[in-house]
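can't give you the sequence, but here's the structure:
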């Protein structure tokens, strides 16, 4: 029976990875086109305003769960009605408390009417996300990510269609509010149409105590993350100003796009690693393969984005307002390459119950963030902010060393082939840069040449991994036919 269960996990995980990878291509295409149109129509200050408000309201999300959802996903036994309803009850109480606490803070900010509407729409999005938690948990425990992915696609398409439409009609930052509200409502309606559960309010002390045992340490890491990321971002925004914060938001958008592939892998591997925590060899192999395939996609994508970014700006009329974001984009690409390897490892620590390890790392990163971000931002402006992120990012090598001890995974060996392939790709693109071609021709030539060089290197160096991946696809086909 155990072998059948493990085989089922393997098939579901592989199927979900393939599906989400293909789905991400579509989502990122939509996201890229939508963000490009928005940043073409809107100015740096308007983009900065939305980024600041989104960071502010995003803080609420960390206080609405206390890790109970993660505890339900991580536990080995089947979830019960009492566990679901207790989690739901506690979460809704926390949502209400978070909104009550946030209201006087928002009121004292003296926001403009459009900004207030953005806050209102993001608060509604926050409530909708909390209502989607239990159906999402049930889907994740079954490793059924296809429906979750479909909802994500619908939400993304909806958001950008309405955001671009209303921005074009002259609604400015209000476009974000309208699009956010519609997206959140639609996603909530869809997930409840397809997933039913015994919704209701109840509280079991024994259930809560059991879930809190895992959930509170898990959420404590989230609270630290709030201080590390969102609160520090808001503090930095006060130092560098709305315009420059908008520039940093643009600089991060491109490099963040490949990380959506990492996010998809992590969404799948968290419940998968949780099921395999008693099978050390399978866990090690799964983590090793996850790191390889994340690096396989993320590393060359970051290189390509970095090398075509400036050409792209010059191709589009009136888009040169984003030129100050090019150098920060290079540094963010380096930082996100490190994050692409580090985040799945901390995800694995959480999945197997080693929450205290993650907590220590989070405390380390938080201290470094609050030391370097304010100082460098104050002294060097928005460029200092980016350098601070690089300094904090390089501290992640400590996580890689610990992963070797805990999982017996050699991080450098896992990602060395994608790394050297991306390095070779970088050298070719540097040579092309010296040719001084027309910007449009330069972009096309870089994409074709860089892709060919990288794929050729990977094909010659990683045939074993490619054959394994092909075998998994064939197994899935055979299973569907049978």
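It's in. What you see is a predicted model, and the numbers here were worked out from it, not measured in a lab. Numbers count the residues shown, from 1 in each chain.

quick one: low-confidence parts of the stretch 151-300 of the chain?
211-223, 225-227, 264, 266-279 (pLDDT under 70).

roughly how far does residue 118 sit from residue 430?
In this view, residue 118 and residue 430 are 41 Å apart by Cβ to Cβ, to the nearest Å. C-beta coordinates here come from the backbone N, C-alpha and C atoms, glycine included.

more neighbours, these two?
residue 118 (26 against 10; other Cβ atoms under 10 Å).

so for that one, what's the pLDDT?
Residue 118 is assigned 82 on the pLDDT scale.

wait, isn't it in contact with residue 175?
No - Residue 118 sits out of contact with residue 175 when judged by Cβ atoms under 8 Å, with a separation of 9.6 Å.

can you tell me the closest non-neighbouring residue to residue 325?
residue 251 (4.0 Å; Cβ to Cβ, 6 or more residues apart in numbering).

same question for residue 399.
residue 342 (5.1 Å).

so that neighbour sits right up against residue 396, yeah?
Yes - here residue 342 reaches residue 396: they are 4.0 Å apart, a contact under Cβ under 8 Å.

related to what we said a few turns ago, could you check how far the residue nearest to residue 325 is from residue 443?
Separation of residue 251 from residue 443 (Cβ to Cβ): 18 Å.

between the two, who's got more neighbours?
For residue 251 versus residue 443, the count of surrounding residues by other Cβ under 10 Å is larger for residue 251: 25 against 20.

SS state for that one?
At residue 251 the chain is in helix, as set by DSSP: H, G, I helix; E, B strand; the rest coil.

so it sits against residue 323, correct?
No - with contacts counted by Cβ under 8 Å, residue 251 stays clear of residue 323, the gap being 10.9 Å.

on that earlier part again, how close does the residue nearest to residue 325 sit to residue 426?
For residue 251, the distance to residue 426 - Cβ to Cβ - is 19 Å.

now for residue 32, how many residues are close by?
With other Cβ under 10 Å as criterion, residue 32 counts 14.

ok, which stretches of the stretch 251-400 of the chain are strands?
For the stretch 251-400 of the chain, no strands turn up when DSSP state E, counting those that start in this stretch is the criterion.

the closest residue to residue 414 other than its chain neighbours - how many residues pack around it?
Once flanking residues are discounted, residue 414 sits nearest to residue 291: 4.2 Å by Cβ to Cβ, 6+ apart. Residue 291 sits with 26 neighbouring residues when counted by other Cβ under 10 Å.

equivalent analysis for residue 77, please.
Residue 77: 6 surrounding residues under other Cβ under 10 Å.

with the one 4 residues further on instead?
Residue 81 is surrounded by 13 other residues when neighbours are defined as other Cβ under 10 Å.

and residue 339, how far from residue 192?
According to Cβ to Cβ, residue 339 stands 33 Å off from residue 192.

looking at these two, which has the bigger crowd around it?
residue 339 (19 against 15).

the more buried one contacts residue 255, doesn't it?
No - using Cβ under 8 Å, residue 339 is not in contact with residue 255, being 9.6 Å away.

what's the pLDDT at the residue nearest to residue 399?
Residue 342 is assigned 92 on the pLDDT scale.

for it, give its distance to residue 178.
From residue 342 to residue 178 the distance is 37 Å (Cβ to Cβ).

same thing with residue 118?
Computed as Cβ to Cβ, the residue 118 to residue 178 distance reads 10 Å.

how about the closest residue to residue 182 other than its chain neighbours, what does it touch?
In space, and not counting its chain neighbours, residue 182 is closest to residue 162: 5.4 Å by Cβ to Cβ, 6+ apart. Residue 162 sits next to 175, 178, 179, 182, 183 when contact means Cβ atoms under 8 Å, 6 or more residues apart in numbering.

before we move on, which element is residue 162 in?
Element membership of residue 162 [criterion: DSSP states H and E] is helix 145-168.

the residue most central in space within the chain and residue 210: what is the separation?
Centrality entry for the chain: nearest residue to the mean C-alpha point is residue 263, 4.7 Å, by Cα atoms, centre = their mean. Look at residue 263 and residue 210: by Cβ to Cβ, they are 28 Å apart.

residue 422 now?
Relative to residue 210, and taking Cβ to Cβ, residue 422 is found at 45 Å.

when these two are compared, which one has more neighbours?
residue 422 (25 against 15).

contacting residues for the closest residue to that one other than its chain neighbours?
Take residue 422 and drop its neighbours on the chain: the residue closest to it by Cβ to Cβ, 6+ apart is residue 299, 4.0 Å away. Residues counted as contacts of residue 299 (Cβ under 8 Å, 6+ apart) are 337, 340, 415, 418, 419, 421, 422.

identify the farthest-apart pair in these.
340 and 421 (14.6 Å; Cβ to Cβ).

taking the contacts of residue 299 one by one, which sit in strands?
Using DSSP state E, no member of the contacts of residue 299 falls within strands.

if any of those residues are buried, put those into a ChimeraX selection.
Remark: buried members of those, expressed as a ChimeraX selection using 16 or more other Cβ atoms under 10 Å:
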select :337,340,415,418,421,422
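
tell me the contacts of the residue nearest to residue 329 when sequence neighbours are not counted?
Among residues not flanking residue 329 along the chain, residue 251 sits closest, at 4.4 Å (Cβ to Cβ, 6+ apart). Neighbouring residues of residue 251 by Cβ under 8 Å, 6+ apart: 325, 326, 328, 329, 332, 386.

return the members of the residues you listed classed as buried.
Buried by 16+ other Cβ under 10 Å: 325, 326, 328, 329, 332, 386, out of those.

residues touching the fifth one, list them.
Just to be clear, that refers to residue 332. Contacts of residue 332 (Cβ under 8 Å, 6+ apart): 251, 252, 255, 256, 386, 389.

could you dump those into a markdown table and include distance to residue 148?
Shown next, in a markdown table, are the contacts of residue 332 (distance: Cβ to Cβ, whole Å):
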| residue | distance to residue 148 |
| --- | --- |
| 251 | 29 |
| 252 | 24 |
| 255 | 24 |
| 256 | 20 |
| 386 | 33 |
| 389 | 30 |
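
between these, which is nearest residue 155?
residue 256 (17.1 Å).

the buried ones among the contacts of residue 251 in helices, which ones?
326, 328, 329, 332, 386 (DSSP state H).

now pLDDT too, for those residues, in CSV please.
Below are those laid out as CSV (pLDDT from 0 to 100):
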residue, pLDDT
326, 95
328, 95
329, 96
332, 95
386, 95
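
roughly how far out does stretch 27-47 sit from the chain middle?
18 Å (Cα atoms, centre = their mean, to the nearest Å).

buried set for it?
Applying 16+ other Cβ under 10 Å to stretch 27-47 flags 27-28, 30-31, 34-42, 44, 46-47 as buried.
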